[in-house]
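Engineer: Got a sequence here, can you model it:
(2 chains)
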Amino acid sequence: LAKTTQPISMDSYEGQEVNITCSHNNIATNDYITWYQQFPSQGPRFIIQGYKTKVTNEVASLFIPADRKSSTLSLPRVSLSDTAVYYCLVGDEYNFNKFYFGSGTKLNVKP
Amino acid sequence: DGGITQSPKYLFRKEGQNVTLSCEQNLNHDAMYWYRQDPGQGLRLIYYSQIVNDFQKGDIAEGYSVSREKKESFPLTVTSAQKNPTAFYLCASSSGTVSSQPQHFGDGTRLSIL
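Structural biologist: The predicted structure follows:
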């Protein structure tokens, strides 16, 4: 089971691009990478998911290098409302219980 | 609006007491999950259910029990055997595995010991 490592916290300012990296050295062939955002006293909310190279949606981009041992969530032009904890999850595409939720990165966006 | 509803938002347990946390979804999802979250920690899987009338233990199932009699409902019972139940409990559902489909989460139940 591929464990993940993320920075505990990061600071940024409004309007900046923020990149949060997740390390998953033991990622398996069938594993996908998913990122969630969580506000205090709420459940996590899906941001983006990918397998390799680059994935982009309306809120974020996900960069995965060829060896897939890490991934980077990129948030363009953050605002104060992006202050939250961001979790990287690595999980098997075919199994319901083979996944690992990291401890998360607390992003603090300052004015 | 489709979503997941967890109740109650706050719950207090006395010593030796069992308590049940409710989770209902109207997303027509087959799979449902229960997680425990401790302060500053990631989510740990307690139980999951791939389909009605079937459920499996996760990483930390001891002291917990579940049932899945209806597709929409997946209640979690925290039994007196769970010696450290104080935590934030999250229920989720998805139409597939966590890596094939996004999970949709409820807003959690915070359980404390009296």
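Engineer: Now the host helix or strand of residue B:24: buried residues?
Structural biologist: Per DSSP states H and E, residue B:24 falls inside strand B:19-25. Within strand B:19-25, the residues that qualify as buried by neighbour count (16 or more other CB atoms under 10 Å in any protein chain shown) are B:19, B:21, B:23, B:24, B:25. Where C-beta positions appear, they are placed from N, C-alpha and C, glycine not excepted.
Engineer: Tell me where the chain has strands.
Structural biologist: Defaulting to chain A. With strands called from DSSP state E, chain A shows them at A:9-13, A:18-23, A:31-38, A:45-50, A:53-56, A:61-64, A:70-75, A:84-92, A:99-101, A:105-110.
Engineer: Actually, chain B is the one I wanted.
Structural biologist: B:4-7, B:10-13, B:19-25, B:31-37, B:43-51, B:54-57, B:64-66, B:76-78, B:87-94, B:104-105, B:109-113.
Engineer: Would you confirm that residue A:68 contacts residue A:28?
Structural biologist: No: under the criterion of CB atoms under 8 Å, residue A:68 is not in contact with residue A:28, lying 9.4 Å apart.
Engineer: the more surrounded of the two?
Structural biologist: Comparing residue A:68 with residue A:28 by neighbour count (other CB atoms under 10 Å in any protein chain shown), the higher total belongs to residue A:68, at 21 against 14.
Engineer: check contacts around that one.
Structural biologist: Neighbouring residues of residue A:68 by CB atoms under 8 Å, 6 or more residues apart in numbering or on different chains: A:24, A:27, A:31, A:33, A:51, A:52.
Engineer: Of all the residues in chain A, which one is nearest chain B?
Structural biologist: Nearest residue of chain A to chain B: residue A:43, at 2.9 Å (CB to the nearest CB).
Engineer: How about that residue: what's its closest non-neighbour residue?
Structural biologist: residue B:105 (2.9 Å; CB to CB, 6 or more residues apart in numbering or on different chains).
Engineer: these two touch, right, that neighbour and residue B:3?
Structural biologist: No: contact criterion CB under 8 Å: residue B:105 and residue B:3 do not qualify, at 9.3 Å.
Engineer: which one of the two has more residues nearby?
Structural biologist: A count of neighbours by other CB under 10 Å puts residue B:105 above the other of residue B:105 and residue B:3, at 24 against 14.
Engineer: Within range of chain B, give me the residues from chain A.
Structural biologist: A:30-32, A:34, A:36, A:41-46, A:49, A:87, A:89, A:91-97, A:99, A:101-104 (CB under 8 Å from any CB of the partner chain).
Engineer: hmm, try it at 7 Å
Structural biologist: When proximity is defined as CB under 7 Å from any CB of the partner chain, chain A approaches chain B at A:31-32, A:34, A:41-44, A:46, A:49, A:87, A:89, A:91-97, A:99, A:101-104.
Engineer: Include mean pLDDT and mean neighbour count when you put the strands of chain A into CSV, please.
Structural biologist: Shown next, in CSV, are these (pLDDT from 0 to 100; neighbours: other CB atoms under 10 Å in any protein chain shown):
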stretch, mean pLDDT, mean neighbour count
strand A:9-13, 97, 14
strand A:18-23, 97, 18
strand A:31-38, 95, 23
strand A:45-50, 96, 18
strand A:53-56, 95, 13
strand A:61-64, 98, 20
strand A:70-75, 98, 20
strand A:84-92, 94, 24
strand A:99-101, 86, 22
strand A:105-110, 98, 17
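Engineer: Tabulate those (JSON lines), appending distance to residue B:85.
Structural biologist: Below are those laid out as JSON lines (distance: least, CB to CB, whole Å):
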{"stretch": "strand A:9-13", "distance to residue B:85": "28"}
{"stretch": "strand A:18-23", "distance to residue B:85": "30"}
{"stretch": "strand A:31-38", "distance to residue B:85": "21"}
{"stretch": "strand A:45-50", "distance to residue B:85": "26"}
{"stretch": "strand A:53-56", "distance to residue B:85": "38"}
{"stretch": "strand A:61-64", "distance to residue B:85": "36"}
{"stretch": "strand A:70-75", "distance to residue B:85": "33"}
{"stretch": "strand A:84-92", "distance to residue B:85": "22"}
{"stretch": "strand A:99-101", "distance to residue B:85": "20"}
{"stretch": "strand A:105-110", "distance to residue B:85": "25"}
